[in-house]
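>>> Give me coordinates for this.
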Amino acid sequence: MMRHLLVLAVAAVLMQGTAGIVHMPGFGMTQAQAQQRSLLDLLFRGRREPEPQVRTAPRTESRRRVIKKRSTPTRKQAAAPQVQKVEKAENAQVILVVGDFTASGLAKGLEEAFAEVPTIRIDSRSNGSSGFVRDDYYDWPGSIGPIIEEVNPALVVMMIGSNDRQAMQVDGATEKVRSNAWDKEYVARINRFARIVRESGTPMIWVGGPPFRFKSMSADILAFNEFYRTAVEAVGGSFVDIWDGFVDQNGAFVLSGSDINGQTVRLRNSDGISFTNAGKRKLAFYVERQIRQLFGTAVTPLQAGLAPEAFSTMRLPPLQSETDLERIDPIHLADPELDGGMTLLGDINVPKADPAEKNPLQAKSVRKRLVEDGIPPAAKPGRANDFEWPASDS
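Numbers count the residues shown, from 1 in each chain. Down below sits the predicted model:
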């Protein structure tokens with residue numbers, strides 16, 4: 001009995017000591033597990049030495065390897081060449097641009113085209129939503145006269161028609177687009193506008209409408225262009241057809257095409273109606289040629305550099321006196337002295353060198369004498385090159 005009590009007391013003491021072990025940071029979990037032995041292990045198998053422990057370093061957060069993406073150098077887009085604008089002269093000739101939103105784009109292209117010409121100034125009086133159909137909104141035949149009196153232009157450029165594909169009021173009735181009554185009234189309004197410009201004494205250029213993405217719209221614009229051509233030519237003006245510059249080889253509408261430098265660029269916006277900056281410049285290119293032909297040297301930038309104050313800086317070479325001049329007498333084209341010689345090629349009267357005076361090994365062959373010296377071979381009797389008269393018996 002006493003023996004059992006002693007065993008229980010010893011076991012209690014051992015368990016109390018084991019419970020007092022505190023796990024210290026920095027030691028592995030295997031140390032605590034080794035200290036907590038079962039009661040049977042202590043009583044019947046004896047006390048074992050604790051296993052050697054390996055101190056491990058505190059677990060730290062694994063550092064992420066941050067890989068910086070190498071920024072690939074992007075090719076800088078070639079900036080469009082900046083057009084140097086010059087100050088316009090006080091007496092610069094004014095080109096008046098009128099019409100709808102296409103005329104507004106045309107005016108911007110013309111401003112760029114003549115930015116370096118001080119003698120030409122572009123004045124845009126376009127109305128984006130205007131046309132010949134809705135004269136209740138904007139009346140072009142009634143407005144062009146006062147505008148010309150105000151601006152006093154040297155040229156009127158007209159471009160319109162993109163807003164005119166709508167019904168029109170004719171004598172109180174609504175007429176559909178391209179009906180007989182519609183066409184008749186539309187042509188009458190165009191002729192009235194052209195007649196007012198002619199009566200003002202101002203030259204006029206009428207620019208035809210461009211193709212659009214919608215085929216029905218393009219078909220109507222083609223018909224309008226014929227109306228415009230007939231009206232402007234009737235009053236002595238010029239019609240500029242820009243259609244082929246905005247279609248492909250099959251005549252279909254294109255968003256991109258060649259610019260004025262031959263590079264493929266975007267000419268029209270995604271709506272298939274309006275123009276990009278490159279398209280506006282190309283639109284003006286066709287009109288620019290007509291303007292340069294009309295104004296001649298007045299559109300040359302060099303004219304601004306020949307102001308009177310610049311004359312003093314010009315230095316001309318001194319004039320030569322009559323005694324310093326070297327005169328050469330006229331020379332006939334058949335004169336043998338033109339090539340430095342005195343005889344013509346193939347002259348049979350050229351004195352022949354005596355073969356006896358030359359080394360036979362250095363003598364020229366018949367071919368070299370003909371090619372280099374121009375001396376033909378000696379004629380043989382009876383051959384074609386024998387031109388001697390036969391000896392007479394008398």
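>>> Only C-alpha atoms from now on, for both contacts and neighbour counts.
Noted.
>>> Give the buried residues for stretch 232-251.
For stretch 232-251, a neighbour-count test (16 or more other C-alpha atoms under 10 Å) marks 232, 235, 237, 238, 239, 240, 241, 242, 243, 245, 246, 247 as buried.
>>> Next step: those restricted to helices.
residue 232 (DSSP state H).
>>> Just give me the closest of the buried residues of stretch 232-251 to residue 131.
residue 232 (16.6 Å; C-alpha to C-alpha).
>>> per-domain residue ranges of the protein.
Under the assignment automatic domain parsing, the domains of the chain span 93-303, 339-378.
>>> Now tell me which of the ones you listed the model trusts least on average.
With a mean of 63, domain 339-378 has the lowest mean pLDDT of the domains of the chain.
>>> ranges for the helices of this structure?
Secondary structure of the chain by DSSP H: the helices cover 2-19, 30-35, 39-44, 101-113, 140-151, 180-199, 215-234, 277-295, 302-305, 366-372.
>>> deepest of the ones you listed, which one?
With neighbours defined by mean count of other C-alpha atoms under 10 Å, none of the helices of the chain is more surrounded on average than helix 101-113, at a mean of 23.
>>> what angle do that one and helix 277-295 make?
Interaxial angle, helix 101-113 versus helix 277-295 (axes from the mean of the first three to the mean of the last three C-alpha atoms, to 10 degrees): 70 degrees.
>>> Which strands and helices lie in contact with helix 101-113?
Packed against helix 101-113 by the contact rule (3 or more C-alpha pairs under 8 Å, 6 or more residues apart in numbering; DSSP states H and E) you find strand 93-99, strand 120-124, strand 155-159, helix 277-295.
>>> Report the inter-axis angle for the longest one versus strand 93-99.
Here helix 277-295 runs at 130 degrees with respect to strand 93-99, directions being taken by the same axes, to 10 degrees.
>>> I figured residue 242 was touching residue 206, is that so?
No. Using C-alpha atoms under 8 Å, residue 242 is not in contact with residue 206; the gap is 10.8 Å.
>>> Now the common contact residues for those two.
Common contact partners of residue 242 and residue 206 (C-alpha atoms under 8 Å, 6 or more residues apart in numbering): none.
>>> re earlier: among the helices and strands packed on helix 101-113, which comes closest to residue 138?
Residue 138 lies closest to strand 93-99 among those, at 10.5 Å (C-alpha to C-alpha).
>>> Going by contacts, tell me the helices and strands next to the closest one.
Packing partners of strand 93-99 (3+ C-alpha pairs under 8 Å, 6+ apart): helix 101-113, strand 120-124, strand 155-159.
>>> let's go with 10 Å and repeat that
With contacts taken as 3 or more C-alpha pairs under 10 Å, 6 or more residues apart in numbering; DSSP states H and E, strand 93-99 sits against helix 101-113, strand 120-124, helix 140-151, strand 155-159, strand 204-207.
>>> List the buried residues of that strand.
For strand 93-99, a neighbour-count test (16+ other C-alpha under 10 Å) marks 93, 94, 95, 96, 97, 98, 99 as buried.
>>> go on, stretch 260-276?
Going by neighbour count (16+ other C-alpha under 10 Å), the buried part of stretch 260-276 is 260, 266, 267, 268, 273, 274, 275, 276.
>>> how near is the third one to residue 273?
When C-alpha to C-alpha, to the nearest Å is applied, the distance between residue 267 and residue 273 equals 10 Å.
>>> what touches both of the two?
Residues touching both residue 267 and residue 273 (C-alpha atoms under 10 Å, 6 or more residues apart in numbering) are residue 255.
>>> Is residue 121 in contact with residue 94, as I believe?
Yes. Shown here, residue 121 and residue 94 form a contact pair, counting by C-alpha atoms under 10 Å, at 4.9 Å.
>>> Overlap in contacts, these two.
Taking C-alpha under 10 Å, 6+ apart as the criterion, residue 121 and residue 94 both touch 153, 154.
>>> hmm, back to that, adding distance to residue 198, write the helices and strands packed on helix 101-113 out as CSV.
As requested, these are arranged in CSV below (distance: least, C-alpha to C-alpha, whole Å):
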stretch, distance to residue 198
strand 93-99, 14
strand 120-124, 19
strand 155-159, 10
helix 277-295, 16
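>>> So which of these is nearest residue 227?
Across the helices and strands packed on helix 101-113, closest to residue 227 is strand 155-159 (C-alpha to C-alpha), at 12.6 Å.
>>> Dump that closest one to CSV, keeping only the CA atoms.
Provided in CSV are the C-alpha atoms of strand 155-159 (Å, rounded to 0.1, in the frame of the first residue of the first chain):
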residue,chain,number,x,y,z
LEU,A,155,-13.2,85.6,-104.8
VAL,A,156,-16.2,83.7,-103.5
VAL,A,157,-15.9,79.9,-102.9
MET,A,158,-19.2,78.1,-102.3
MET,A,159,-19.6,74.5,-101.0
